[in-house]
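**Q** Have a look at this prediction, sequence included:
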Amino acid sequence: MKIVKVTYTTKAEYSEQNQQNIKQVMTDLQALNHPGISYNTCMQADGKTFIHTAFFKSEDDQKVLFDLASFKHFQEQLKASMPEVPPKQELLTLVGSSNNIFNA
């Protein structure tokens, strides 16, 4: 299992567009219903800091996300918006969960 956390802060005027782009990625992932991906995004109270947490059963599952047109679009637009704080990626290790992630 691979767990990735990405945190960044957009400019205030870009926050709404970023939310729309994220929602499109989530819509596409829900339609795909790929069993090896669990992905969520939260926004902090400032309305412009985003935290993405993605659980991938395998490296191949991560490629499924990266190959989505909506995810590529999201990444391109985020980069072009010149965030106040650029994306910082962290790799995490699961210690415990209230539900079975990938029946692991």
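**A** Nice, thanks for sending it over. Numbers count the residues shown, from 1 in each chain.

**Q** Please identify the helix or strand for the spatially most central residue of the chain.
**A** Centre of the chain computed as the mean C-alpha position; nearest residue by CA atoms, centre = their mean is His52, 4.0 Å away. Element membership for His52 (DSSP states H and E) is strand 49-56.

**Q** Now do the buried residues in the longest helix out of those in the chain.
**A** Among the segments of the chain that qualify as a helix by DSSP state H, the longest is helix 15-32. The neighbour-count check on helix 15-32 (16 or more other CB atoms under 10 Å) flags 15, 18-19, 21-22, 24-25, 29 as buried. Where you see a C-beta, it was placed from the backbone N, CA and C, and this is true even at glycine.

**Q** Show me the strands in the chain, by range?
**A** Here the chain has its strands, by DSSP state E, at 2-9, 37-43, 49-56, 85-92.

**Q** buried stuff in the first one?
**A** Looking back up the chat, that one is strand 2-9. Quick answer for strand 2-9 (16+ other CB under 10 Å): 4, 7-9.

**Q** now swap in the shortest one and tell me
**A** Residues 37-39, 41 are the ones in strand 37-43 that count as buried (16+ other CB under 10 Å).

**Q** Save those as TSV, and put in pLDDT too.
**A** Output for the buried residues of strand 37-43, formatted as TSV (pLDDT from 0 to 100):
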residue	pLDDT
Ile37	96
Ser38	95
Tyr39	97
Thr41	98
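
**Q** With that, I have no additional questions.
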